[in-house]
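Q: Sequence and predicted structure, then a few things I'm wondering about:
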Amino acid sequence: MNRHDVRSRILEKRFLAPRHVWMRLECDWDPARVQPGQFLHLWLPELRDPLLRRPYTIYRIRPGEVEILFQVVGKGSGLLAEREPGERVHLLGPLGRGFALPEPGTRALIVGGGVGMASLFLLIQRLREQEFEVEVFIGARSRDYLLCRDEAAESGALVWLATEDGSEGFAGLVTELVAQRLERNPPERAVLYGCGPTPMMEALAKVGAAHRLPTYVALENRMGCALGVCLGCVVPIRREGTSRYERVCTEGPVFEAAQVCWGFRI
């Protein structure tokens, strides 16, 4: 799909968790042509510091509007979080290669860590619209950071929760919960989808390999240009017996987990 640079207006903003912001923006992109896992590049036009745009996953999209869900981690996201409805931004997108839906009859196991759920919710929607059986595993450090749990349940997906401090659901890492689920009742046909911190995605790749399941992950590398020019977001990928660097912004952010040469850090 061709990317479009549009002037947009903030329509609504809410804090969903400490330093986690949901925002609804004007956008005239065709929702049917946006892939789950794709992202947009956002610019606050009156600012020169930071100069570069910032990438934000497309959380949901409807005719005339797009939603993002992000964590405040630096100057760019901090400035965006301070913006109020009615203020203007510029959006470039949709960018990147997103998630593909599996073959009919496949059970989808979707694993999100923290704000990684922002990359997965559109996938959940698309799967449920086509009547796939979907299980969603949401992990966070504590119950205050369990994002999208109600929305996932409302879609008809089966939702599992894990918190590292044991404040709700399974006490431990969400990848441990996924492994237990697969060991106790392995489905006949399933695929794993995930997004979260790199160590979590590496652990999910190992779970998928142990159970011989196709596993696809959306990586969260820092990006500069997001257009494949600066090479600031490359990761080592193994294809056809050889390893090479590929750009998360253009060849990704979604990769087959078995092809990622794990061990890199962002």
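A: Now that the structure is in, tell me what you want to look at. Numbering: from 1, shown residues only.
Q: So for the spatially closest residue to residue 152 that is not a sequence neighbour, what pLDDT did the model give?
A: In space, and not counting its chain neighbours, residue 152 is closest to residue 136: 4.4 Å by C-beta to C-beta, 6 or more residues apart in numbering. All C-beta atoms are positioned from the backbone trio N, CA, C, and that covers glycine. pLDDT recorded at residue 136 is 98.
Q: Could you give the bridge partners of residue 136?
A: On the basis of DSSP bridges, residue 136 is bridged to residue 110, residue 159.
Q: which residues pair with residue 71 across the strands?
A: Here residue 71, judged by DSSP bridges, has bridge partners residue 20.
Q: switch to numbering from 32
A: Sounds good: first residue 32 from here, last item residue 102.
Q: can you pull the contacts of it?
A: 50, 51, 52, 108, 145, 146 (C-beta atoms under 8 Å, 6 or more residues apart in numbering).
Q: same thing with residue 208?
A: When contacts are counted by C-beta under 8 Å, 6+ apart, residue 208 touches 168, 170, 191, 193, 200, 201.
Q: Try it again at 6 Å.
A: Counting by C-beta atoms under 6 Å, 6 or more residues apart in numbering, residue 208 touches 168, 191, 193, 201.
Q: where's the third one, which helix or strand?
A: To tie it back to what came earlier, the one meant is residue 193. Assigned by DSSP states H and E, residue 193 belongs to strand 189-194.
Q: What is that strand packed up against?
A: strand 165-171, helix 180-185, helix 205-215 (3 or more C-beta pairs under 6 Å, 6 or more residues apart in numbering; DSSP states H and E).
Q: quick revisit: which of the contacts of residue 102 lies closest to residue 213?
A: Using C-beta to C-beta, residue 145 comes nearest to residue 213 of those, at 21.9 Å.
Q: neighbours of the closest one, just the number please.
A: 22 (other C-beta atoms under 10 Å).
Q: what sits against it?
A: Residue 145 sits next to 171, 176 when contact means C-beta under 6 Å, 6+ apart.
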